[in-house]
Every structure is written in structure tokens, then in C-alpha cells.
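Trainee: build me a model from this:
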Amino acid sequence: MDFVPLPVLFVILGGLIILSGGFSSSETALMTLNRYRLRHLSRHGNRGARRAERLLERPDRLIGIILLGNNFVNILASSIATLIALRLGGQGAIAAATGLLTLTILIFAEVAPKTLAALRPERVAFPAAFILGPLLRLLYPLVWLTNMLANTLLRGLGVNPTEGGQTALSREELRTVVNETGAMIPRRHQRMLLGILDLDQATVDDIMIPRNEVVGIDLGDDWRRITEQIAGSEYTRLPVFEGGVETIRGILHVRRVLTAMLDGVLTRERLLEHVREPYFVPEGTPLHQQMLNFQSERRRIGLIVDEYGEFHGLVTLEDILEEIVGEFTTDPAEAIRDIHRQPDGSYLAAGSASARELKRLLGWDLPAEGPKTLNGLILEQLETIPEPGISLLIDGHPVTVLQAEENRVKVARLEQRVRPRETPPAIED
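Mentor: Numbers count the residues shown, from 1 in each chain. As a prediction, the model looks like this:
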């Protein structure tokens, strides 16, 4: 190439360095693209995203064409630099040219382009996809041969090179994505999304109204008491028993009998005509499954039973929805009826307060398989029915029993976590 003028060689060398930077940056940009955002842009008609997505379906071919182009350009640049060195300084200038070219490629064709691509992957990857696609088709035989040899080696190591790397997000990874969205998704909506993710980690036992707190109509009561209970009920649906909760007749929609009651024509027989057969829910049913069951059965309330058919509690569709959207009130402390914040920062909690409410409101770290209520947590730790005034620590939080009945804790005071006392520094003599 002695006939090529020296300025032309410098121009060719500069162009090769730019091409090298282009290959390097396109590799980094395509490999650091957010695959889920890429899929979203592709489905919404972005041509660059579609081409990039097609290239990433076979990463072995993509890497093959990029490395073929990059190595060819770098080797050619090295040869041009050698020619320039020979013309300018003879054999002694070759070593200096090699070092200078290495530094130039490192800065202008590797570090700077790849850093830019890592920071702005879409702005680099989408235009690059328009060039790499046709180049791959043009040089496909050479790329195929290179990939065949490389893929044979990878298969020997137990790696399938045809996999496109389309891996699904796990629940914890999706949780991290939601938490990292920042201002893109309002905080309240983030909590709702996280609540949906948590549904399969909780069961109906975690949110049920315990059997001893279920409000219902007992047909064995005096008729006047029954009508007063219907008229003053704060609930739309009430379970109907006969002679106690052991005998469940069904669920009564209160509004369907109010008119007859006000007209004075409601009788036990007419009341029973409006009682719908009970809907039983096996204990331990995951919340996400129960929500689907409510939808398919067109029900809003279920009676939880164990393997022997004994009634344990009651769960409603509203209870499950509150796990997603939060309590239907503006003040979380007021929303949970069993837990009340005090002026000194402590909480008064009923023994029936659920462990899930304690975890959500106070941040307690409690095992998922442990007791479901505060009363159960206290009894498990003390292994006896406590007397009022007894204090203990649950997850580092002081708990003082204020009221207790014969077989359960009625009210307890909950305080902030006790921080371990720091050891004072030793005093040197």
C-alpha cells in the first residue's frame, strides 16, 4: 500500500476506530436493554425495538456478527497503524505505534462507547439494529460457521446456545421492580400491586373473623330479639344458626327481609325462605384462590371449616380486597378496629387482633406458620393463660397483658421495639 498517501491512511485509521467503537457500543447496548421495556416498545410499533428483539432471539448469532466485525476492524486498524509507523519512523516506530493504537482503541473504541451504550442503551441499540440485521444476512455463512464451532464447544459444557434468555421474573424480582419504579407509579398503587403479590402467601385463616366473634342470627332466640338484631345490624349479610354455631342453616341477605319486617308480616318461615344455603371454605385456602372461588360461585361470604367440618370462622370478599387496596379508611390506625394507637406512641390491641395486622401496621417480623392472633402469640410464648400485668417480648416488642378472661387474653398494650443497649467504649488507663 505504498501508493496510498499518508493522509489517506490516517483517515482510514480514524474511520476504522470509529467502526470499532460502533461495534463495541452496539454489543453493550443490545445486551443491557431492558427486555420487558423492549417487548413493550416492540408491541407498540417501534421499528428499532422490533429489529433489536429479533436479533436478541438468537444471541449467539448477534454476538458472532458483532465480534467478527469488531475483530476484523481492529486487526485492519493495527495493520494500517503499522504502515503509518514504517513510513514515519521505520522499524523503531512500530512499538510506539502499537502502544499508541492500543491506548486510542481502549479509550475511543472501548471504554467511552461502551459507557455511553450502558447509560443510553436504547439510543444506541435501535439504530445499530438497522445495520446489524442486514450485515448478519450478508455474512451469514461466515457467522454460521463460527457459531457452529462455538456452539459445539458450549453444548459440550451443557449450555444450550439457542436459548434467547427469556426468563420470567420471580415474585421477589417482580416485587423489587415495583419498589424501584419510584415516581413512575404512585406509592398507593405500588402497595396495591404488592398486595396482589402477597395474596398467595396468606390463607383465609389469616384474615378470618374467628368463630367466637361471628355475629349471626340464632333461630332459637326469641323472635323479638331476632327482629331487633335484623333492624340494627351493621352488616348486609348475616349467618343463620339454629341452637348455636354448630348448626348452620345458611346466609341471610338482610335487605331482602327488611320490607316484610317493617310491614309486620315477617315470620320465621318467611325468613327461612330468604336464607341461602351456606358456602363452606376449607381452612388453609390461599387468598388468591379464594378470591377466584368467590367470583366463580358468585358469593361474597364464606364459612371456614376444618377437615372434620367444624366451623372455625368467617371470611368475606371485602376482607380479601382490603388485603390489596388497604383498609377502607384514611387512617390506618383507625382502620384496624382491634388495634388503637395511644398518645404515648404505644398501642392497645385486642387479643383477637390478627398477627397479619400486627405485621402490616407495626412491622413485626412473625413466622407465617405461627399463631394467627395476638392471643395465640402470647399463649405460645408463655405456655399458660397469663394474669393481667404480665409482660413479655414478642419480636423485641414489649407486650403487657391488661385484661384476661378465663381462657384468653382480652386486651394487651404493645410498645415500640426494645433496642439493644450499646456497649460503652472501654476507658483507657
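Trainee: remind me what the biggest strand by length in the chain packs against, helices and strands.
Mentor: The longest strand of the chain (DSSP state E) is strand 397-404. Packing partners of strand 397-404 (3 or more Cβ pairs under 8 Å, 6 or more residues apart in numbering; DSSP states H and E): helix 374-382, strand 391-394, strand 409-414. All C-beta atoms are positioned from the backbone trio N, CA, C, and that covers glycine.
Trainee: export the ones you listed to CSV and tack on mean neighbour count and distance to residue 214?
Mentor: Below are the helices and strands packed on strand 397-404 laid out as CSV (neighbours: other Cβ atoms under 10 Å; distance: least, Cβ to Cβ, whole Å):
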stretch, mean neighbour count, distance to residue 214
helix 374-382, 19, 16
strand 391-394, 14, 26
strand 409-414, 21, 18
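Trainee: just send these back as CSV, with distance to residue 132 and mean pLDDT too.
Mentor: CSV is the format used below for these (distance: least, Cβ to Cβ, whole Å; pLDDT from 0 to 100):
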stretch, distance to residue 132, mean pLDDT
helix 374-382, 61, 85
strand 391-394, 60, 86
strand 409-414, 62, 88
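Trainee: I'd like these as TSV, with distance to residue 7 appended.
Mentor: Output for the helices and strands packed on strand 397-404, formatted as TSV (distance: least, Cβ to Cβ, whole Å):
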stretch	distance to residue 7
helix 374-382	84
strand 391-394	81
strand 409-414	82
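Trainee: out of those, nearest to residue 77?
Mentor: The minimum distance between residue 77 and these falls on strand 391-394, with 69.1 Å, by Cβ to Cβ.
Trainee: per the record, what domains does this protein have?
Mentor: Domain ranges of the chain: 6-156, 196-325, 332-414, per automatic domain parsing.
Trainee: buried set for the longest strand of the chain?
Mentor: Neighbour-count burial for strand 397-404, counted by 16 or more other Cβ atoms under 10 Å, picks out 397, 399, 400, 401, 404.
Trainee: please apply the same query to stretch 207-226.
Mentor: 207, 208, 209, 210, 214, 216, 217, 218, 219, 226.
Trainee: now, the residues you listed that are in strands?
Mentor: Using DSSP E, the members of the buried residues of stretch 207-226 that fall in strands are 209, 210, 217, 218.
Trainee: what's the most distant pair in these?
Mentor: Using Cβ to Cβ, those reach their maximum pairwise distance at 210 and 217, which is 18.2 Å.
Trainee: next secondary structure after the strand or helix carrying residue 315?
Mentor: Here residue 315, judged by DSSP states H and E, is contained in strand 311-316. Using DSSP H and E, the helix or strand that follows strand 311-316 in sequence is helix 317-325.
Trainee: residues of that next one that come out buried?
Mentor: For helix 317-325, the neighbour count (16+ other Cβ under 10 Å) marks 319, 320, 322, 323, 324 as buried.
Trainee: show me where the stretch 201-350 of the chain has strands.
Mentor: 209-210, 217-218, 237-241, 248-253, 275-276, 280-282, 301-305, 311-316, 339-341, 347-350 (DSSP state E, counting those that start in this stretch).
Trainee: can you list those in JSON lines and add mean pLDDT and distance to residue 375?
Mentor: Formatted as JSON lines, the strands of the stretch 201-350 of the chain follow (pLDDT from 0 to 100; distance: least, Cβ to Cβ, whole Å):
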{"stretch": "strand 209-210", "mean pLDDT": "84", "distance to residue 375": "10"}
{"stretch": "strand 217-218", "mean pLDDT": "90", "distance to residue 375": "25"}
{"stretch": "strand 237-241", "mean pLDDT": "90", "distance to residue 375": "23"}
{"stretch": "strand 248-253", "mean pLDDT": "90", "distance to residue 375": "24"}
{"stretch": "strand 275-276", "mean pLDDT": "90", "distance to residue 375": "32"}
{"stretch": "strand 280-282", "mean pLDDT": "93", "distance to residue 375": "22"}
{"stretch": "strand 301-305", "mean pLDDT": "92", "distance to residue 375": "18"}
{"stretch": "strand 311-316", "mean pLDDT": "90", "distance to residue 375": "14"}
{"stretch": "strand 339-341", "mean pLDDT": "83", "distance to residue 375": "13"}
{"stretch": "strand 347-350", "mean pLDDT": "87", "distance to residue 375": "8"}
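Trainee: kind regards, and thank you for your time.
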